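Engineer: My questions are about this predicted structure, shown below with the sequence.
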Amino acid sequence: MIVYPAIDLRNGVCVRLMHGRFDQVTEYDTVPAARLTAFVAEGATWVHIVDLDGAEAGRAVQHRLIGDLAGSLDVSIQSGGGVRTLSDVRNLLDAGVSRVVVGSQAVTAPAEVSAWLGKFGHQRLTLAFDVRVGEDGVPIPSLKGWTEAAPIDLWTALDRYPPGTLEHVLITDVGRDGALTGPNLDLLAEVIRRRPDLKVQASGGVSSLDDLTAAKAIGCDGAIVGRAIYEGRFTARDAIEACA
C-alpha cells in the first residue's frame, strides 16, 4: 500500500485543518520545501499536496508553488485543491505533478471529468470524494472546500463512472479528518466491496500505524497521512515500512 504523506498549503505554509474547517487551522511549517525534502529523505515515493486556498476559493491559488515543489525533487506528486477546469488539470500536469486530484467537479460535472479522464488517462487523475456520513449511515459528498453538501450520495456519484472509466479514488470522511480518531474503515470497505475495480486511497483520521495496516488489510491501495506525522505519532519512514 502506498503511503502519501500530506502537505496542505494555506497562504504558502503547511497547515492542517480540523474536520475540514477553515477556521480551525494549525500551522506547522513555514517552508513547505523543507517538509517535502524531509518526506523524500524518509523514503516517500509519493507526496499528497493540497491547495487549501484553492479549495476554499474554487480556483487555483497555490498551483505555482505546487509546481515549484513538484520540480524540486525526484518524487511523484499527487495534488489538488481548486481544480475546476481542464486548464487547471493541464497546468498542474505540465508543472510536473504526476497525478491531479479532482474534487467537487467529480460530483457536479461527471461528463466533463470523464472527458478529462479520457484525455489525460486514468493514471493521471484521482477523483476525491470527501463525504460526511449522516445519522442514517449514508455518505454524502461535501463540495467546494467542504462548505456545501451534494444533492446525491457517494454511491450515486461513483456510479457515474462505470468500471473501466476510472482507476484512482480518494475517500475522505470529513468528520474524521484532522481528528486522529482512526479512518472510517467500514466506509472504505464498503467502497471496495461495491467497486473492486477501483484503487482506493484512505484519508481522514489516521492516527497510528495500526490504522494504516488495517487500511491495507481491507484492500486500500493507498493512505493519506497528515496530522499524525506532524504531531509526531510516527514518522513517514515508520508508515512506509509498516505498509511495505
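Structural biologist: Yes, it's here. Numbering: from 1, shown residues only.
Engineer: measure H63 to G12 for me?
Structural biologist: 12 Å (CB to CB, to the nearest Å). Heads up, the C-betas are built off the backbone N, CA and C, glycines and all.
Engineer: hmm, who's touching stretch 149-157?
Structural biologist: With contact meaning CB atoms under 8 Å, 6 or more residues apart in numbering, stretch 149-157 is reached by 106-108, 110, 129, 131-132, 138-143, 171, 191, 194.
Engineer: which among the residues you listed gets closest to T181?
Structural biologist: Closest approach between those and T181, by CB to CB: R132, at 14.3 Å.
Engineer: who's more crowded, H63 and G12?
Structural biologist: H63 (23 against 12; other CB atoms under 10 Å).
Engineer: Please state the backbone phi and psi of that one?
Structural biologist: phi -70, psi -30 (degrees, to the nearest 10).
Engineer: didn't it look like it was pressed against G82?
Structural biologist: Yes - using CB atoms under 8 Å, H63 is in contact with G82, at 7.5 Å.
Engineer: now the strands for this protein?
Structural biologist: For the chain, applying DSSP state E gives strands covering 2-10, 13-18, 21-29, 46-51, 76-80, 99-102, 125-133, 139-143, 148-149, 168-173, 199-203, 222-225.
Engineer: Tell me what the residue nearest in space to the middle of the chain is bridged to.
Structural biologist: Central residue of the chain (CA atoms, centre = their mean): L170, 5.6 Å from the mean position. Residues in a beta bridge with L170, per DSSP bridges, are A128, Q201.
Engineer: Next up, the contacts around it.
Structural biologist: Each residue near L170 by CB under 8 Å, 6+ apart is listed here: V101, T126, L127, A128, F129, V200, Q201, S203, I224.
Engineer: list the contacts for the fifth one?
Structural biologist: To tie it back to what came earlier, the one meant is F129. A106, V107, P139, P141, L154, A157, L158, V169, L170, I171, T172.
Engineer: Reformat those as a markdown table; add pLDDT.
Structural biologist: Putting these into a markdown table (pLDDT from 0 to 100) gives the following:
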| residue | pLDDT |
| --- | --- |
| A106 | 96 |
| V107 | 96 |
| P139 | 96 |
| P141 | 95 |
| L154 | 98 |
| A157 | 98 |
| L158 | 98 |
| V169 | 98 |
| L170 | 97 |
| I171 | 97 |
| T172 | 93 |
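Engineer: Neighbour-wise, give me the winner out of these.
Structural biologist: For those, the largest neighbour count, defined by other CB under 10 Å, is 29 neighbours, found at A106.
Engineer: show me what contacts that residue?
Structural biologist: A106 sits next to V113, L127, A128, F129, A157 when contact means CB under 8 Å, 6+ apart.
Engineer: Please pick the buried ones from the contacts of L170.
Structural biologist: The neighbour count (16 or more other CB atoms under 10 Å) marks V101, T126, L127, A128, F129, V200, Q201, S203, I224 as buried among those.
Engineer: So which of the residues you listed sits lowest on pLDDT?
Structural biologist: Among those, S203 carries the lowest pLDDT, at 93.
Engineer: what number of residues lie near A244?
Structural biologist: Using other CB under 10 Å, A244 has 9 neighbouring residues.
Engineer: repeat for P5
Structural biologist: A count of neighbours around P5, defined by other CB under 10 Å, yields 28.
Engineer: Can you name the residues bridging to I140?
Structural biologist: Here I140 sits in beta bridges with R132, going by DSSP bridges.
Engineer: Give me the local confidence score for it.
Structural biologist: Looking at I140, its pLDDT reads 96.
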